[in-house]
Every structure is written in C-alpha cells, then in structure tokens.
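# Need a 3D model of the sequence below.
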Amino acid sequence: MSATVTTLPSGLRVVTDCMAHLETAALGVWVGAGSRHERANEHGLSHLLEHMAFKGTRRRSARAIAEEIESAGGDLNAATSTEHTSYFAHVLAEDAPLALDILADILTESTFDPAELEREKDVILQEIGAVEDTPDDLVFDIFNASAFPNQPIGRPILGTPEQVSGFGREAIGAYLDAHYRSRAIVIGAAGAIDHERICEEAESRFGGLSAGRIEAGHPPAHYLGGEIRLKRRLEQAHIVIGFEGLAYGHEDFYAMQVFANAVGGGMSSRLFQEVRETRGLAYSIHAFHWGYSDAGLFGFYAATGARDVPELVPVALGCLAEAAQTLTEAEARRAKAQMKVSLLAALESPTARCEQIARQVMAFGRVLSRDEIIAKIDSLDILHIRRAGARALGSAPTVAAIGPVAKVLTPDRVAERLRAI
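So this is what the prediction gives:
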C-alpha cells in the first residue's frame, strides 16, 4: 500500500490509499481547527459546529442527510478534538461520490436553522451533563485543565453550559468563515477508491470553501502542572497523575511512546502487574502519552477504593521511577511489538487508514510510510527509552482526582516521592 497526496489549485489537500482488495471506501474531511483554536468567547464552538453540520443544508434536511447515506448502506459521523475536527463516511465503493457530495454539502451549504440550533444546544448540554456524571471521563478533562491552566489547550472540548447556551447563528458562521478554509483542510480516502477520481470530485464539490488567508493559529502551549481535585461521594477515587510529555514531532516522541506502553500499556506492564495483579489495589490502571503539535502529556490513570489510595499512588510512582532506571530489553521489545501491531492494524481497515493518512498530512505535510515508522521504533535502544521516561518524571507533576480524594498526594509530595526513589 502506498498513499498519494495531491494539492489542488485552491490549496485543498487530498490524500488517498487504494486498498484494491476491498469493496468499501472510507472518506473524510479533516479541518485544522479544534477547541484550542477558539477564543475565550468561542469556547465550545468547534464542537457545536460539528453537531450542526448534520442538521440541514440548502439541499437536504437533517432527516434527508441521514436517510440518503443509510439508504446506500453507509454511515456518517464526525468528531472534535483539541486540534482538529473531522467529518467522515464509510460506504460501498460505488457510493464514494455520494459520500463526498454529502460531506461537501454539510460543510459548505449548512443553513444552521435556528430551531435546529436550539435543539442541538440542548443535546450538547445533555452531553456535558453526561461527562459530569462519568468520573472516569471527567477526571481527564480536569487533568488537562490542571496541566495547562488558563490556556485554550486546557479547556474541555465540549465547552460550558453557559457559553454553549449563548451561541447563535452569527457566532457559528463567523467561526466557520475564519477557520474552514481550503488551505486548512485535508480530504482523505482509503479502500476501493481511485485517487484521480477523488481529486476530481473534491475539486468539483468543495469549491464553496474559502481559499483566503487562514485565521491566525493558536497560542503556544505551556505545560505548567498543578492540581484539581473534586470531592464527591463515590465508591472509588478516580486519579490521574501526570507530567510533561512530548509533541508528536519531537525527536524523542517514539521513545516516550515506548516508555508509556512498557510501564502501563498492557497486562504485562509494570503498573498492571504490580498494582493490580500483585497487590490488588485497582481494577483499572494504565499509562498514556498524548502528543499535541507543540506539547505533550504523560501519566497514569487508576480507579481505586478510598482505603487503597494511600498505597496505590506511591506504588504506581515507584513503578514509573524504577522503570526509568531499570526498564529491560524484554519490556521494551513487548512495548515496541504492541506499537507495531497497532500501526499495522490500521492498514487492514479503510476507516483507520483514512484517518491515519489524513492526520499525518495535517501534522507533517506528508504521509509517513510504514517502514519509516517501524524503523524509528526499532532503532530505539533501552537507554534512550529510559532517558525519555526520566525526563518526563523530572517535570512538574499534575494531579487530578475525583471522589474520596483526601489522601491523594499533592504535586509537591509526588515530586518528593519520585526524588526519594
């Protein structure tokens, strides 16, 4: 498999990967605008705009959009992240033009009907409420806010009830005009597709997008660390303790990914074996490393009963600190193998492959080959991986916790504990 990238005269980029053995196609539109691109008075607009894209255009009602794609056996969806918004479809090969037509329609001809807008704002308010009622989701929102306080990158993607309730058609239209420019958009397709045909369809159908200057980007992220804890009457304490990670373009990004996988990415990892299997301190525990365009976050999540909090956190920190000194070749090999399987699995799914190549073009301006990524992973030696982990653990800690959290260590105590190991 090999991906092909074409930049159209408008600046719109098209990336495809033909998977000739398939009979379906995945197509999508990725926009380089997410929650961190919002001004303070726009918080939540990216997500609201994503919702409103399916609520009617000049040619199709909301119901007609759903019926037309589903009559062809396809499905349509969208997602908002910190740095991107995406709209995508999965259809039979012969219906790829239909999918692109619907995607172009919702992005260039949406009417933002006032009645639909009010209904969808209510839906989002319910979504915000659902997160508030789901502590294992909410704890990551407050973790991000604590790591990047008073910065757009630290704000929750959904927005706040107050701001979402106040948005009108004018605010949505202004945000759309400012950010949904052809030069900020990538159209991706994978599966049973023809690159030239996709380019022709894209050029024809996305002519309504502005080719003007892209709205100024986002302010740079500054990891600061800190603490947010919400005391609630819950059976378990939901805890995230983290540190400064690396941007996805950093030369040590893959080393940090391997470290995170080795210490908490699977059932054989140190965190899972020590915290859950040996000590029985938690049902759920895992490590993570998220990369943004100019920053990153590394840490671990655990959920445990109030009585086990005083033991769990020091034990988990001990696993991380010791791994930064003694991670073995065998552990690194297992982590590398997990990463390679995840990478290669995307080559077997048109939807996953479409997202993979579109995101790579957004991030790097090109598609990274499978061999290039695998070579980077395989080239990492154990000392490199340990150093990446040690550097992260030497940064200011971030602590986020919900539930019975009185005995969760403060950031200062976390730092002291790590220095003592």
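
# Now Tyr180: closest residue in space that isn't a chain neighbour?
Val31 (5.9 Å; CB to CB, 6 or more residues apart in numbering). Every residue, glycine included, has its C-beta placed from N, CA and C.

# try Gly74
Distance criterion CB to CB, 6+ apart; nearest residue to Gly74, sequence neighbours excluded, is Val91 at 3.6 Å.

# which helices and strands sit right next to the lowest-mean-pLDDT helix or strand in the chain?
Sorting the helices and strands of the chain by mean pLDDT, DSSP states H and E puts helix 169-179 at the bottom, at a mean of 92. The contact analysis (3 or more CB pairs under 8 Å, 6 or more residues apart in numbering; DSSP states H and E) places helix 169-179 against helix 45-52, helix 114-132.

# still on that earlier bit, who touches the residue nearest to Tyr180 in this structure?
Applying CB atoms under 8 Å, 6 or more residues apart in numbering, we find Val31 in contact with 84-87, 179-180, 184-185.

# Now it. Its backbone dihedrals?
The phi/psi pair for Val31 (degrees, to the nearest 10) reads phi -110, psi 130.

# Kindly state the pLDDT recorded for it?
The per-residue pLDDT reported for Val31 equals 96.

# ditto for Leu343
What the model reports for Leu343 is a pLDDT of 89.

# how much space between it and Ser369?
Using CB to CB, to the nearest Å, Leu343 is found at 11 Å from Ser369.

# Now the nearest residue to Ser268 once chain neighbours are set aside: phi and psi?
With sequence-adjacent residues excluded and distances taken as CB to CB, 6+ apart, Ser268 is closest to Arg334, at 6.0 Å. Phi and psi for Arg334, reported as degrees, to the nearest 10, are phi -60, psi -40.

# quick revisit: so what does whichever helix or strand comes after the least confident helix or strand of the chain touch, helix or strand wise?
Going down the chain from helix 169-179, the next helix or strand is strand 185-191, by DSSP states H and E. Helices and strands touching strand 185-191, as assessed by 3+ CB pairs under 8 Å, 6+ apart, comprise strand 13-18, strand 24-31, helix 195-205, helix 350-364.

# I'd like to know which of the ones you listed is closest to Phe243.
With respect to Phe243, and counting by CB to CB, the nearest of those is helix 350-364 at 22.6 Å.

# List the contacts of that closest one.
Counting by CB under 8 Å, 6+ apart, 1, 3, 5, 13, 15-17, 19, 22, 24-28, 30, 32, 84, 86, 88, 90, 186-192, 248-249, 293, 345-347, 366-368 sit against helix 350-364.

# Quick check on the residues you listed: which are buried?
Neighbour counting with 16 or more other CB atoms under 10 Å marks 3, 5, 13, 15-17, 19, 22, 24-28, 30, 32, 84, 86, 88, 90, 186-192, 248, 293, 346, 367-368 as buried within the contacts of helix 350-364.

# how about the strands of the stretch 301-421 of the chain, start to end?
Using DSSP state E, counting those that start in this stretch, the strands found in the stretch 301-421 of the chain span residues 398-403.

# what distance separates the start and the end of stretch 73-91?
This stretch, stretch 73-91, spans 7 Å end to end (CA to CA, to the nearest Å).

# which of the residues in it are buried?
For stretch 73-91, a neighbour-count test (16+ other CB under 10 Å) marks 74, 76, 78-91 as buried.

# and the residues you listed, which of them are in strands?
Using DSSP state E, the members of the buried residues of stretch 73-91 that fall within strands are 76, 78-80, 85-91.

# May I see the residues you listed organised as a markdown table, with distance to Glu42 and pLDDT added?
Output for those, formatted as a markdown table (distance: CB to CB, whole Å; pLDDT from 0 to 100):
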| residue | distance to Glu42 | pLDDT |
| --- | --- | --- |
| Leu76 | 25 | 96 |
| Ala78 | 18 | 97 |
| Ala79 | 19 | 97 |
| Thr80 | 13 | 97 |
| Thr85 | 13 | 97 |
| Ser86 | 19 | 97 |
| Tyr87 | 19 | 98 |
| Phe88 | 24 | 96 |
| Ala89 | 27 | 97 |
| His90 | 31 | 98 |
| Val91 | 33 | 98 |
